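Enquirer: Sharing a model prediction with you, sequence too.
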Amino acid sequence: MTDCLVFCGRLFNYKRYVYSANFKVLNNIAFLTDSGSVLTNYKQLSSVVRDIIDVFADKLVEDKARKWKYNKLHKKQQARLCRNVDPYRVIQDNVCNRNDVYLEALASSDPEPCRRFVSAAVKDGRHESIVTVLQLRCHKKLELPPDCLLELACSFSRLGVVDGVKAVKALCENTNAYEYSVQGRYDHYLAEAYWTSGRLQEALDLFTHVYEHNPNLQKKVRAMSRFLVNDVISRRGEAALVLLTRFAKYFAGEYQDYHFLMVLWKYCFISNWFADQTFAANLLEEQSELLGKVQENALEMSFIFLRCNRSEFVYRLLEVLLLYKMRAVYSQVLRALFDYKCKQTTY
């Protein structure tokens with residue numbers, strides 16, 4: 001609207017200039033002749049010039065107004081399109097380029113378009129786009145459903161996207177304090193992201209903090225550690241193995257929780273490397289309490305090994321049971337192995 005007013009002001013000055021220029025020319029002509037026809041011609045010419053300029057000015061003003069209305073209508077249609085169409089298909093590239101119009105559309109109070117965008121972006125691995133949207137909603141304090149935040153935290157932690165987990169933490173802290181407290185500030189997901197990205201010491205410290213200050217998440221920490229320990233053993237990292245051993249022994253000594261030691265022993269026990277198998281044997285000799293856990297889980301472990309057709313692991317387990325004179329469990333595992341072999345026999 002301001003542009004239109006400026007244009008009209010300039011046009012008025014232009015008309016005034018043209019009128020004055022024509023009057024000066026015609027006045028000069030009037031002084032050169034005494035004929036009365038000059039006055040008539042002067043009036044006629046002045047009327048014609050005034051009509052032409054008025055028509056020209058009206059047309060320019062009309063075109064300018066029409067263009068202004070079109071731009072305003074076009075912006076409304078774009079906003080309506082962002083609300084009704086699948087946001088991911090329309091704005092995925094614009095989010096990466098931080099286009100303010102589309103970012104504002106995603107930052108609406110309705111979380112459904114953002115949920116659809118995030119779900120599609122997770123499948124395509126567009127983590128930077130998701131982080132940008134989460135940061136924008138955090139700045140505007142627009143919450144997302146807890147299940148959506150939990151899905152994002154799980155995905156980011158498994159992929160090692162530390163910035164993504166931090167963005168989820170910040171958004172939940174600013175918009176849903178209760179859920180933020182229930183999830184233990186998402187620290188266990190941040191610890192898993194640290195672990196996956198190779199920052200093992202930070203991950204173990206954070207897991208320890210979550211275990212000690214969130215009793216309701218201790219089961220979750222145990223479940224996460226099961227897969228992460230397997231990953232460390234398969235990568236053959238000696239320094240990581242030392243850190244894990246210290247971590248597992250800490251919980252065994254302070255909280256009498258031998259789950260972490262048991263997991264560490266099991267994955268070293270089934271490893272194909274002789275060094276890992278030797279480490280598992282030494283661990284049993286050092287930790288007498290670990291023997292009781294092995295005895296309790298021996299039969300279940302044998303069923304799992306046989307279900308996966310890994311009978312060689314059962315043979316190793318039988319050797320351990322026989323070495324430490326666990327005859328009752330030994331007979332149960334041997335019976336399970338005998339049944340397995342009978343099913344494998346073809347008559």
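Expert: Arrived safely, thanks for sending. Numbering: from 1, shown residues only.
Enquirer: Now do the contacts for the closest residue to residue 161 other than its chain neighbours.
Expert: Of all residues not flanking residue 161 in the chain, residue 127 sits nearest, at 5.1 Å (C-beta to C-beta, 6 or more residues apart in numbering). Where C-beta positions appear, they are placed from N, C-alpha and C, glycine not excepted. By C-beta atoms under 8 Å, 6 or more residues apart in numbering, the contact set of residue 127 is 121, 156, 159, 161, 163-164.
Enquirer: run the last query once more with 10 Å
Expert: By C-beta atoms under 10 Å, 6 or more residues apart in numbering, the contact list for residue 127 reads 121, 152, 155-156, 159, 161, 163-164, 167.
Enquirer: same deal with residue 162?
Expert: The contact partners of residue 162, by C-beta under 10 Å, 6+ apart, come to 156, 190, 193-194, 196-197, 199, 202.
Enquirer: Stretch 281-295: how far from the chain's middle?
Expert: Counting by C-alpha atoms, centre = their mean, to the nearest Å, stretch 281-295 is centred 42 Å from the centre of its parent chain.
Enquirer: Please point out which parts of that stretch sit buried.
Expert: Buried positions in stretch 281-295, judged by neighbour count with 16 or more other C-beta atoms under 10 Å: 281, 283-284, 287, 290, 293-295.
Enquirer: now, among the contacts of residue 162, which is nearest to residue 328?
Expert: Checking the contacts of residue 162 against residue 328 by C-beta to C-beta gives residue 196 as the nearest, at 41.0 Å.
Enquirer: In this structure the closest one contacts residue 157, no?
Expert: Yes - in this structure residue 196 lies within contact range of residue 157 using C-beta atoms under 10 Å: 7.0 Å.
Enquirer: These two: who's more crowded?
Expert: Using other C-beta atoms under 10 Å as the criterion, residue 196 and residue 157 rank with residue 157 on top: 25 against 19.
Enquirer: could you redo the buried residues of stretch 281-295 as TSV and give each row distance to residue 342 and secondary structure?
Expert: Listed next are these as TSV, based on distance: C-beta to C-beta, whole Å; DSSP: H, G, I helix; E, B strand; the rest coil:
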residue	distance to residue 342	secondary structure
281	31	helix
283	34	helix
284	31	helix
287	36	coil
290	32	helix
293	30	helix
294	26	helix
295	25	helix
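Enquirer: From those residues, which shows the smallest pLDDT?
Expert: Ranked by pLDDT, these bottom out at residue 287 (88).
Enquirer: wait, residue 328 sits on residue 335?
Expert: No - under the criterion of C-beta under 10 Å, residue 328 makes no contact with residue 335, lying 11.4 Å away.
Enquirer: Please identify which of those two sits among more neighbours.
Expert: Neighbours were counted for residue 328 and for residue 335 using other C-beta under 10 Å; residue 335 has more, 12 against 8.
Enquirer: In three-state terms, label residue 245 for me.
Expert: With DSSP: H, G, I helix; E, B strand; the rest coil as the basis, residue 245 sits in helix.
Enquirer: List the residues that contact it.
Expert: Residue 245 sits next to 260-261, 264, 268, 279, 283, 286 when contact means C-beta under 10 Å, 6+ apart.
Enquirer: Mind giving me the ChimeraX command for buried ones among those?
Expert: Listed next is the ChimeraX selection for buried residues among those, using 16+ other C-beta under 10 Å:
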select :260,261,264,268,279,283
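Enquirer: where does residue 303 land on pLDDT?
Expert: At residue 303, the predicted lDDT confidence score is 93.
Enquirer: What is the strand or helix carrying it packed up against?
Expert: In this assignment (DSSP states H and E), residue 303 forms part of helix 288-307. Applying 3 or more C-beta pairs under 10 Å, 6 or more residues apart in numbering; DSSP states H and E, one finds that helix 288-307 contacts helix 238-254, helix 259-269, helix 274-286, helix 311-323, helix 327-344.
Enquirer: tell me the most buried of those?
Expert: Mean neighbour count (mean count of other C-beta atoms under 10 Å) peaks for helix 259-269 among the helices and strands packed on helix 288-307, with a mean of 22.
Enquirer: how about that helix as CSV, C-alpha atoms only?
Expert: Provided in CSV are the C-alpha atoms of helix 259-269 (Å, rounded to 0.1, in the frame of the first residue of the first chain):
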residue,chain,number,x,y,z
HIS,A,259,23.6,-57.6,34.7
PHE,A,260,26.3,-55.6,33.0
LEU,A,261,29.0,-58.1,33.9
MET,A,262,26.8,-60.9,32.7
VAL,A,263,26.2,-59.2,29.4
LEU,A,264,30.0,-58.5,29.0
TRP,A,265,30.8,-62.1,29.8
LYS,A,266,28.3,-63.6,27.4
TYR,A,267,29.4,-61.6,24.4
CYS,A,268,33.0,-62.4,25.1
PHE,A,269,32.2,-66.0,25.7
